[in-house]
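J.: Compute the structure for the input listed below.
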Amino acid sequence: MIFIAIIIAALIVYVVQYKYYEKHMLENIEYDVSLSAEEVFEDEDIFLYEEITNDKYLPLPYIKVDTQLPDGLKFLLYDADPKNGSRIEKLSQNIRSIFVMHSKQKIRRKWRVRCLVRGTYVLDRVLIVGNDIVGFNQQSKSVEVKEGRHNRIVVLPKAIDLEKYFNLSRFYSGDVIVNRSLITDPLLKAGTREYSVGDPMNKINWKSTAVHNKLMVNVEEFTQRFQFNMVLNMQSRDIEPLETEPSTPAYVEQCITIAASIFDKISSDNIPIRLISNTPPETVDGTLCADEDDEIGSQILRTQAYEGKRDIIEALRLLAQLQMKISVPIEKMLDHILNNAAYYSENENIVFISAYISERMINFSREMQKQGVNVIFYVTTSYNNAMVIPPDVDVYFKTDIEY
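T.: Residues are numbered from 1 along each chain as shown. Modelled structure (predicted):
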């Protein structure tokens, strides 16, 4: 009889605690997260601070917290190398932790996070799983972060050395000497240097050639009088399976890196530059577009002109906001720019950044040249749909070196 009574009492206790935990287990569970910085560049590390609170008198024998980071952010963990015991880095998208929480207990944790991809990220919720004493009463709850916390971070695109990673299409062999700026002024001479394969013949200085008894070319100074418009193609290939999204976002991310590098490169020269792209203008703050009554123009992003180092951070913030969305096909945007050349290329210079180059883009360059507009291409992949690249069209292709 005593044994049966013990069993009955145990069952009663189990049912009571089951019902009680079922009703109150995840009540008054609070989660808070904050970040050590609000703005960083790609490949930089920040700290993430988590705080889990059991704000009730009921203890929790089992709590599992599943912290998931957005794509582009990764937890930086360390592990021991089995060969020599040295510390090696490991990147993880999420971390699952298990706790036993007493009544009115607060647990704080700190994680190192690596920011890998530019963008704006918000850590707003976490999944918490609880269980009772026996372990047969599992419940889960998505807990939101308190408003007003430092749980948002902007990851700015990192600039690269364009001269290191890109070569002009006509430089096939031999030593390559490249300009230190995207544009030079042929009227301002800084001196001469020895001719290198790929140098245009009209830059040869014949007097200096006669003196040195070898071909010498003019070295041209920078100019402060030029302005740029930068066209960013959001398509990753000529024909996308989905009209509104690039099929290979990584290719477009490389284009955004090039755009950030150009912003950074000419910021010290105080040259005004604006961004034009076939991405929805409404997704980016502080942008302008053509007349709203214009069906195509209203879908083309056209920013203000950024000039000098005082504006470079705003330009990078804008690039961080860009979403992988295509507002209009590239062909329609090119036609619209051609038909409104004074609006899109009032400064007579366009830098065109794309994951590929096509015959249509080459034709666009030739037509813009007829209107007195110079077009320079930066291509981030080996995709080349143009049969012939004319010698008077400057196309910079990415080398095999990784960023």
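
J.: so what's the nearest residue to E348 once chain neighbours are set aside up against?
T.: Using CB to CB, 6 or more residues apart in numbering and skipping the chain neighbours, the partner closest in space to E348 is V373 (5.4 Å). Quick note: C-beta positions are derived from backbone N, CA and C, even for glycine. Residues in contact with V373 (CB atoms under 8 Å, 6 or more residues apart in numbering) are 341, 345, 348-350.

J.: which residue packs closest to the spatially most central residue of the chain, ignoring adjacent ones?
T.: Closest to where the C-alpha atoms of the chain average out (CA atoms, centre = their mean) is R118, at 3.1 Å. Distances taken as CB to CB, 6+ apart put P157 closest to R118, at 4.1 Å, once the chain neighbours are dropped.

J.: same deal with N270?
T.: Nearest in space to N270, with sequence neighbours left out and distances taken as CB to CB, 6+ apart, is G308 at 4.4 Å.

J.: What is the neighbour count of the residue nearest to R118?
T.: P157 has 25 neighbours, counted by other CB atoms under 10 Å.

J.: Would you mind pulling the contact partners of stretch 247-259?
T.: The contact list for stretch 247-259 (CB under 8 Å, 6+ apart) reads 117-118, 157-160, 162, 230, 232-237, 240-241, 246, 275, 319, 322, 324, 353-355, 378, 380-381, 398, 403.

J.: Out of those, name the ones that lie in helices.
T.: Counting by DSSP state H, the contacts of stretch 247-259 place 162, 319 in helices.

J.: show me what contacts the residue nearest to R118?
T.: 41-42, 118, 256-257, 259-260, 316, 319-320.

J.: So which of those wins on neighbours?
T.: A259 (26 neighbours).

J.: what helix or strand does that residue sit in?
T.: Remark: A259 resides in helix 249-267, with elements defined by DSSP states H and E.

J.: gap between that helix and the chain center?
T.: Averaging C-alpha positions (CA atoms, centre = their mean, to the nearest Å) puts helix 249-267 9 Å from its chain's average.

J.: And that helix, what's buried?
T.: 251-267 (16 or more other CB atoms under 10 Å).

J.: what about E314, how many neighbours?
T.: By other CB under 10 Å, neighbour count at E314 equals 14.

J.: any idea what it is structurally, helix, strand or coil?
T.: Using DSSP: H, G, I helix; E, B strand; the rest coil, the structure places E314 in helix.

J.: Need the pLDDT of it.
T.: The predicted structure scores E314 at 92 on the pLDDT scale.

J.: Renumber starting at 78 from here on
T.: Okay, residue one is now 78; in that scheme the one you just asked about reads as E391.

J.: so it sits right up against A382, yeah?
T.: No: using CB atoms under 8 Å, E391 is not in contact with A382; the gap is 11.2 Å.

J.: Give the burial count for P136, as a bare number.
T.: Close neighbours of P136, defined as other CB under 10 Å, add up to 13.

J.: K181 is in contact with that one, correct?
T.: No: applying CB under 8 Å, one finds P136 not in contact with K181, separated by 9.5 Å.

J.: shaky segments in the stretch 78-227 of the chain?
T.: 224-226 (pLDDT under 70).

J.: Kindly recompute the last result at 80.
T.: Scanning the stretch 78-227 of the chain with the threshold set as pLDDT under 80 gives 78, 90-91, 158-160, 162, 223-226.

J.: That one: strands as residue ranges?
T.: Along the stretch 78-227 of the chain, the segments classed as strands by DSSP state E, counting those that start in this stretch run 106-112, 116-118, 122-131, 137-145, 150-157, 164-169, 171-178, 182-192, 196-199, 202-208, 216-221.
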